[in-house]
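# Based on what follows, work out the 3D shape:
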Amino acid sequence: MNCAGCNTICKPRARLLNCHACEGIYHIECLNIKQQQYSSLTEEFKAAWICLSCNNVTRRGRSNLLKPVRSTQIPLDDNMNMSYEIEGQTPISSYNPCTPTTPATSVHECVALETGATFHDTGTT
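Below is the predicted model:
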């Protein structure tokens, strides 16, 4: 039988783990398990071991993602602010000194602020 990790033949004396869910066989090297660690595993653990792929599917299958967080929707009103702000500070995400209405004289300042570039006045416009 082939290893589900590397798809090479599993030799009879190889140290392997069998997935309890999908019956896939894995070399311990493919699972990044050292021989010393493998030797310390109990037979019960080895018999019940589930590979990463099956473990992820099992977790997803038991999740409650389809259950609503709330039974009813709370109506939003115009006074509600859903962003995180520290009182007295401008939120970083809303801070933008360069807006579409920025005067042409401050465009250089905006570009310099955003890119770290410096501009020198050459006297021409």
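
# Tell me the pLDDT of the residue nearest to Gly24 when sequence neighbours are not counted.
Residue nearest to Gly24 in three dimensions, not counting chain neighbours: Ala4, with 3.6 Å by C-beta to C-beta, 6 or more residues apart in numbering. All C-beta spots, glycine's among them, are computed from the backbone N, C-alpha and C. What the model reports as pLDDT for Ala4 is 93.

# With Trp49 instead?
Predicted confidence (pLDDT) for Trp49: 91.

# and the residue lying closest to it once chain neighbours are set aside, what does it touch?
Excluding its sequence neighbours, the residue lying closest to Trp49 (C-beta to C-beta, 6+ apart) is Leu17, at 5.2 Å. Going by C-beta atoms under 8 Å, 6 or more residues apart in numbering, Leu17 touches 25-26, 28, 31, 33, 38, 46, 49, 51.

# Show me the residues you listed that map onto helices.
If you go by DSSP state H, the contacts of Leu17 have 38, 46 in helices.

# Filter the contacts of Leu17 down to just the buried residues.
Applying 16 or more other C-beta atoms under 10 Å to those, the neighbour count classes 25-26, 28, 31, 49, 51 as buried.

# Low-confidence ranges, the chain, go.
Applying pLDDT under 70 to the chain flags residues 58-125.

# before we move on, back to that, against Cys19, how distant is the residue nearest to Gly24?
Here the criterion is C-beta to C-beta, to the nearest Å. By it, Ala4 lies 7 Å from Cys19.
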